[in-house]
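A.B. asks: predicted coordinates and the sequence they were generated for:
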Amino acid sequence: MQFEFAAPSALDTDNRSANTARLLNMYREPTGDGAIWCKSLPGMTEFADTARTACRAMAEIGDEIYVAQGGRLIRITAAGTVVTLGVITDDAATTISSNNGNVTVVAGGTYYVWNGVTLTTPVGGAFSDFGDVTFFAQLTVLTEASGRQVQWSGLADPTSLDALDFATTEARDDNILRTMPVGSALWFFKETSIEPWYSLGTGLAALPGGTIERGLKSRNLISQIPNGAFFVGDDNTVYLAGNNTIDRISNVAIETAITEGEPSRALYFEDEGHKFCALIFTGRPAWLYNIITGEWCERAQGVDIGPWDAKACIKVLGTFYVGTDAGLVASLSRNNQDLGGTMVRRIVSRTVQNDGIWFTLPKVQVTTRIGFFVTEPQLAMRMSKNFGLSWQIDRQQGLGDLGEYLNRTVFRRLGQYRQATLELTLSTDSDVNISASAFA
């Protein structure tokens, strides 16, 4: 009997028996012939060490990486050299943007501009306590911290602030948390609503009738994606925004995790044509949404399957880089490692039941694509009779020697069950693809 054991992540922590499926550090890739294979997510390779902690924000400007970290604005060259540009406030609410080669930063309520030579704090605008900065239609757009006002710079000049160049987002009486270009408009994400605005050439104006009745949960739970945004709403639901609409993409399991957990950041990256939106948690693995397949998986770190230590992500010359709380900037690469340690990959199946009647499971046969490694990779399997609350002893099986490119691994005499949950774990640097279907 063939069955699909590797399903998208859907484990609801307060209703485990509903769906036990999890994909940790792997995602499903349809091959076009009806088959689905599970492949590894990108690992992290150290690129630069900033010698500080707490990555606050990152940006790509002029093919170089700019990072706000440890109370400094730094530049990282193509060779991985770290250059300190100046001192800024160390603030978790930091944002970085650009304006025709200039680097713009808002941190701790202060607005900074790096012009390639000096770091300054421009003055003269409508307000002086800043919440966010972004670039839109040749303007640097600044929002008021804990307020509704927005001001903008002169065209292509982030240091030129005029006290008359401002407006108020007044469709709803709630404060701005973040601002971000979405399609051809600039969206102001507020506490309980979203206001799309458009360019007037030298200023901004609200889009008539464009207000969306949904707010942003917190200022760091949003990420730019191509032509849109990925964010957590004030209703603990995850959305994709674009074309003046928002679409719910979360499921009950993720909404439970948001309600019970500690979501801290949102970011975006790509892998071989797949486009991932990541929701980072403080105390559990990140949830990843694959825009291409519409499926969820999870990203963990360490042998204990702990939280992913990525806090920001940008793309430079075709490579994605993440900043971490450990003070490192790492490239995302297909090496099945995280900063020198093995990236453990795990598949937990849905639970198979037979209306409460005992059934025998004589074997499970798993198909893998392998055969490129001198050292034979090992696959660990274990079973659970209680929806993954406890597990039987691991069984280890080799996946095939060099030259065995499509191998079938069989685990036999698995016992009797009323409900059976299967878990497979790869703790090897080998790049192993596993079929989402198995045979029993």
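C.D. replies: Structure's in. What do you need? Residues are numbered from 1 along each chain as shown.

A.B. asks: give me the residue at the spatial middle of this protein.
C.D. replies: By C-alpha atoms, centre = their mean, the chain has its centre lying nearest to Ala278, at 1.9 Å.

A.B. asks: the closest residue to Ile222 other than its chain neighbours and Leu204, how far apart?
C.D. replies: Closest residue to Ile222 apart from its sequence neighbours, by C-beta to C-beta, 6 or more residues apart in numbering: Phe231 at 3.9 Å. In this view, the C-beta of every residue, glycine as well, is placed from N, C-alpha and C. Separation of Phe231 from Leu204 (C-beta to C-beta, to the nearest Å): 21 Å.

A.B. asks: so for those two, which sits in the more crowded spot?
C.D. replies: Neighbours per residue (other C-beta atoms under 10 Å) separate Phe231 from Leu204, with Phe231 holding more: 30 against 23.

A.B. asks: so the more buried one sits against Leu267, correct?
C.D. replies: No. At 11.6 Å, Phe231 does not count as touching Leu267 under the criterion of C-beta atoms under 8 Å.

A.B. asks: anything in contact with each of those two?
C.D. replies: Common contact partners of Phe231 and Leu267 (C-beta atoms under 8 Å, 6 or more residues apart in numbering): Ser223.

A.B. asks: sorry, back to before: return the list of strands paired to the helix or strand encompassing the residue nearest to Ile222, each annotated with direction.
C.D. replies: Assigned by DSSP states H and E, Phe231 falls within strand 228-232. Paired strands of strand 228-232, with direction, are strand 222-225 (antiparallel), strand 238-242 (antiparallel) (DSSP bridges).

A.B. asks: for the ones you listed, which one sits closest to Pro196?
C.D. replies: Ranking these by proximity to Pro196 (C-beta to C-beta) places strand 238-242 first, at 9.5 Å.

A.B. asks: for the closest one, the averaged confidence score.
C.D. replies: The average pLDDT within strand 238-242 is 96.

A.B. asks: then stretch 60-78?
C.D. replies: Mean predicted lDDT for stretch 60-78 stands at 96.

A.B. asks: can I get that stretch as PDB, trimmed to CA atoms?
C.D. replies: Extracted in PDB, the C-alpha atoms of stretch 60-78 (Å, rounded to 0.1, in the frame of the first residue of the first chain):
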ATOM      1  CA  GLU A  60      21.500  45.900   0.400                       C
ATOM      2  CA  ILE A  61      22.800  49.100  -1.100                       C
ATOM      3  CA  GLY A  62      25.200  49.300  -4.000                       C
ATOM      4  CA  ASP A  63      25.900  45.500  -3.800                       C
ATOM      5  CA  GLU A  64      27.100  45.800  -0.200                       C
ATOM      6  CA  ILE A  65      25.500  44.800   3.100                       C
ATOM      7  CA  TYR A  66      24.600  47.400   5.700                       C
ATOM      8  CA  VAL A  67      23.800  46.300   9.200                       C
ATOM      9  CA  ALA A  68      22.500  48.000  12.300                       C
ATOM     10  CA  GLN A  69      24.000  45.900  15.100                       C
ATOM     11  CA  GLY A  70      25.300  46.500  18.600                       C
ATOM     12  CA  GLY A  71      24.800  50.300  18.400                       C
ATOM     13  CA  ARG A  72      26.700  50.700  15.200                       C
ATOM     14  CA  LEU A  73      26.000  51.100  11.500                       C
ATOM     15  CA  ILE A  74      28.400  48.900   9.700                       C
ATOM     16  CA  ARG A  75      29.200  48.000   6.100                       C
ATOM     17  CA  ILE A  76      30.200  44.600   5.000                       C
ATOM     18  CA  THR A  77      32.200  44.400   1.700                       C
ATOM     19  CA  ALA A  78      32.100  41.700  -0.900                       C
END
